[in-house]
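A.B. asks: the following comprises the amino acid sequence and a computationally predicted model.
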Amino acid sequence: MECKKGQNLKDCPCTYPGCPRKGICCECLKHHLEKDELPACCFSSGAEKTYDRSFKKFIEDKRM
């Protein structure tokens, strides 16, 4: 499968400075799931800026 990093970057909501996986969704998802987290694209912009990628934060964010 061909990576569409250029296209992904246009929609990537991650604001973490220097993220080496920005735009590489498969690597990002793998990285976060290995840490029992979710990637930035699962959160609202406000919740994303906290850099708390926990499932707990995801549930709190969706309840708002």
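C.D. replies: All right, it came through fine.

A.B. asks: do you know how far Gly23 is from Ser54?
C.D. replies: According to C-beta to C-beta, to the nearest Å, Gly23 and Ser54 sit 23 Å apart. In this view, the C-beta of every residue, glycine as well, is placed from N, C-alpha and C.

A.B. asks: between the two, who's got more neighbours?
C.D. replies: Gly23 (18 against 13; other C-beta atoms under 10 Å).

A.B. asks: regarding the more buried one, what is its secondary structure?
C.D. replies: Under DSSP: H, G, I helix; E, B strand; the rest coil, Gly23 falls in the coil class.

A.B. asks: repeat that for Glu2.
C.D. replies: Classification of Glu2 by three-state DSSP places it in coil.

A.B. asks: now for it, how many residues are close by?
C.D. replies: The burial count for Glu2: 4, using other C-beta under 10 Å.

A.B. asks: do Pro39 as well
C.D. replies: 20.

A.B. asks: got the phi/psi numbers for it?
C.D. replies: Phi and psi for Pro39, reported as degrees, to the nearest 10, are phi -80, psi 170.

A.B. asks: OK, contacts around it?
C.D. replies: Cys14, Cys25, Cys28, Leu29, His31, His32, Arg53 (C-beta atoms under 8 Å, 6 or more residues apart in numbering).
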